[in-house]
Structures are given as C-alpha cells and as structure tokens.
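Visitor: output the structure for:
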Amino acid sequence: MKLRIKGATLRLRLTQGELARFGAGEPIEEQVPFPGGALRYRLRRAPVRAIEADFARESIEVRVPEAEAARWCATELVTLSAEQAVPGGTLRITLEKDFACLAPRSGEDESDHFPHPGGPGRC
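Guide: Take a look at the predicted model:
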C-alpha cells in the first residue's frame with residue numbers, strides 16, 4: 001500500500017493482492033522506519049458512517065464503512081474519496097486501486113498492480 005500526503009490530502013493506493021485481503025476483512029498495514037521510531041499507516045473496514053482518518057501514537061488509521069468497502073472491492077470502481085472536518089479546515093481522503101505504469105520504471109515491481117486502462121505513455 002502506498003501512502004501519499006500533500007497538505008491536507010491523504011491518499012492510499014492498493015495493489016490487487018492488498019485489495020483482495022481488504023475485501024476479505026483483513027486490515028492492510030505498512031510502516032516507514034525512522035531513527036526515532038516508525039510511522040505506521042493502516043486501512044481497515046469499520047462500523048463507521050463515512051470514510052474517516054485518525055492520527056494517534058505515531059499511526060495513521062483510515063476506516064471505511066463495511067458496505068462501501070465491499071462495493072469497492074467487488075466492482076470496477078477505482079476510487080473512493082471523502083472529506084473530513086479537522087481543526088483548521090478539511091482533510092481529503094482518497095483510496096485508489098494502484099495501476100501499473102505503461103513505461104517500466106527501474107527497480108519497481110509492479111507485478112501485483114492493476115492493469116493500466118490508459119493508452120501508451122500514461123502512468
């Protein structure tokens with residue numbers, strides 16, 4: 001699972017295998033190690049009304065309503081998104097299926113990525 005953060009925007013991208021595990025109810029977790037600790041991030045299904053995120057104890061957790069998660073995992077739907085009120089503004093949360101680039105990139109294994117639907121030269 002890839003994590004992208006820019007300002008008040010949080011985006012997670014899942015491979016085919018990760019989406020299958022998420023569809024089966026398994027939380028998806030990753031971490032980024034640093035000398036002073038690790039930043040953990042997790043995606044899980046939960047009994048919530050809308051997609052929401054939280055940050056506590058060096059961890060980002062994104063929770064997705066059960067029905068929305070099931071629909072995303074079982075269909076061709078590529079993206080789920082939501083906005084969440086946070087102190088000072090709005091956090092935009094986006095979940096995406098991770099597509100392989102059409103132009104190979106050195107050192108990256110994209111064998112578990114979704115086939116790219118675009119034409120040549122797109123990534």
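
Visitor: where does this structure dip in pLDDT?
Guide: 99-123 (pLDDT under 70).

Visitor: helices of that one, start to end?
Guide: If DSSP state H is used as the criterion, the helices of the chain fall at 16-23, 66-74.

Visitor: mind giving me JSON lines with those and columns for distance to V32?
Guide: Heads up, the C-betas are built off the backbone N, CA and C, glycines and all. JSON lines is the format used below for the helices of the chain (distance: least, C-beta to C-beta, whole Å):
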{"stretch": "helix 16-23", "distance to V32": "16"}
{"stretch": "helix 66-74", "distance to V32": "24"}
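
Visitor: wait, which of these is closest to D98?
Guide: With C-beta to C-beta, the closest approach to D98 among these belongs to helix 16-23: 8.2 Å.

Visitor: and that closest one with helix 66-74, angle?
Guide: Angle of helix 16-23 versus helix 66-74, following axes from the mean of the first three to the mean of the last three C-alpha atoms, to 10 degrees, is 150 degrees.

Visitor: C-alpha coordinates for helix 16-23, PDB please?
Guide: Written as PDB, here are the backbone C-alpha positions of helix 16-23 (Å, rounded to 0.1, in the frame of the first residue of the first chain):
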ATOM      1  CA  GLN A  16      -4.600  -6.300  -6.300                       C
ATOM      2  CA  GLY A  17      -3.400  -8.600  -3.500                       C
ATOM      3  CA  GLU A  18      -3.900  -5.900  -0.900                       C
ATOM      4  CA  LEU A  19      -7.400  -5.200  -2.200                       C
ATOM      5  CA  ALA A  20      -8.300  -8.900  -2.100                       C
ATOM      6  CA  ARG A  21      -7.100  -9.100   1.600                       C
ATOM      7  CA  PHE A  22      -9.000  -5.900   2.400                       C
ATOM      8  CA  GLY A  23     -12.100  -7.300   0.700                       C
END
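
Visitor: so what secondary structure elements neighbour it?
Guide: Under the contact definition 3 or more C-beta pairs under 8 Å, 6 or more residues apart in numbering; DSSP states H and E, helix 16-23 sits against strand 28-34, helix 66-74.

Visitor: please identify the most buried of the ones you listed.
Guide: helix 66-74 (a mean of 15; mean count of other C-beta atoms under 10 Å).

Visitor: just checking, what packs against it?
Guide: So helix 66-74, by 3+ C-beta pairs under 8 Å, 6+ apart, packs with helix 16-23, strand 37-46.
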